[in-house]
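S.K.: predicted model, plus sequence, below.
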Amino acid sequence: MTLETLEFLFGLVLLIFAGGLGFLILIKIIDKTINLSRLISEPNGDASMSRFQFLIFTFVIALSLFIIVLGQKPTPDFPKTFPPEILILLGISAGSYVVSKGIQFSSSAGIAQPALTIAPVHLPLVAGQVVNFTASVVNVPAGTPLPQVTWSVEAPAQGTITTAGVYTAPNPLPGGGLRDVVHADASGFEGAKIALS
Amino acid sequence: MSLLLWIAKWEVIIFVGGLTAITAFQLLTGRINTHYLLYGTRRDGSRYFSPERVQLLGATIAIALQYLLNAAHCADSGNMPSLPTGSLEILGLSNAVYLGGKGWMMLTSGKDN
């Protein structure tokens, strides 16, 4: 077996491995095993313009490099010159992202806190009605278990609620409607409350 | 060796092209979250429509498209194209306006007038 043959076989194995890895990544993105839904999202769930800009420029520079490399004759090769403006552009985009993160984390409004939510959200009440409320968690990693939830009502006149979240409206309903009646609280989470009327 | 080059070329085309297409598709169909992309957040947590984000998006797309077209035109030159004249200044100013607006609304009281 000659050296050339060995080089060819080694290169082929590397290419098969790299190609398989790339193909696997694409398949996992398509079937959502690799989840890109929060690719440009900030911790509070909003989309980030600085992340979006960084994404656009990364793809554009990569595609441009790819076009130039493939366009060379007789064989693909890296470009002879690489303008420093491209690096400055990426630096501006990355710097903007870093500063944006700094501004965001300087205020609690920019940080998503683990919180509880209550369902159902809206419910027209009738006297004596029984409602089974459920609590869920948001702004936490996927798979985080539901914490121990403490259910309560504003005042005894606004009904009763069990430790399992089963609410019973008062009979008759107090005048003026009910507001911010049901509360759900858990250690380490922002509590939730729901208004019923 | 030419066979290896051919395989490598098509592997990169499929991977880079596929990744670009999947990302663009997911952005356009909403699978990648773009909620409130053009909205900023005040200190009190309320949101507002942000002109500074709109201008940054416009500048970004314009510069990116221009550069991609330049790269396509000089594909066989062997050199990465330079940015159009003034692009860096425009991008820097655009980012400064965006960050300045974001910082002002996030770090000050940020109340509506």
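M.R.: That came through fine.

S.K.: if I read this right, B:Leu4 contacts A:Leu15, doesn't it?
M.R.: Yes - contact criterion Cβ atoms under 8 Å: B:Leu4 and A:Leu15 qualify, at 6.3 Å. Using the backbone N, CA and C atoms, a C-beta is placed for each residue, glycine as well.

S.K.: for the lengthiest helix in chain A, packing partners?
M.R.: Using DSSP state H, we find that the single longest helix of chain A is helix A:3-30. Helix A:3-30 sits against helix B:2-29, with contacts defined as 3 or more Cβ pairs under 8 Å, 6 or more residues apart in numbering or on different chains; DSSP states H and E.

S.K.: give me the angle between the longest helix of chain A and helix B:2-29.
M.R.: 10 degrees (axes from the mean of the first three to the mean of the last three Cα atoms, to 10 degrees).

S.K.: moving C-terminal from helix A:3-30, which element do we reach first?
M.R.: Later in the chain than helix A:3-30, the nearest helix or strand by DSSP states H and E is helix A:49-71.

S.K.: so which bits of whatever helix or strand comes next after that following helix are buried?
M.R.: From helix A:49-71 onward toward the C-terminus, using DSSP H and E, the following helix or strand is helix A:84-105. Buried residues in helix A:84-105, counted by 16 or more other Cβ atoms under 10 Å in any protein chain shown: A:Glu85, A:Ile86, A:Leu89, A:Ile92, A:Ser93, A:Ser96, A:Tyr97, A:Val99, A:Ser100, A:Lys101, A:Ile103, A:Gln104.

S.K.: which ones are touching the first one?
M.R.: Applying Cβ atoms under 8 Å, 6 or more residues apart in numbering or on different chains, one finds that A:Glu85 lies in contact with B:Ser82, B:Leu83, B:Ser87, B:Leu88.

S.K.: go again using 6 Å as the cut-off
M.R.: The contact partners of A:Glu85, by Cβ atoms under 6 Å, 6 or more residues apart in numbering or on different chains, come to B:Ser82, B:Leu83, B:Leu88.

S.K.: helix, strand or coil for the first one?
M.R.: Meaning B:Ser82. Following DSSP: H, G, I helix; E, B strand; the rest coil, B:Ser82 is assigned to coil.

S.K.: backbone phi and psi for it, please?
M.R.: Main-chain dihedrals, B:Ser82, degrees, to the nearest 10: phi -80, psi 170.

S.K.: check which helices and strands the helix or strand bottoming out on mean pLDDT in chain A sits against.
M.R.: In chain A, the helix or strand scored least confidently by mean pLDDT, DSSP states H and E is strand A:192-194, which has a mean of 73. With contacts defined as 3 or more Cβ pairs under 6 Å, 6 or more residues apart in numbering or on different chains; DSSP states H and E, the packing partners of strand A:192-194 are strand A:115-119, strand A:182-185.
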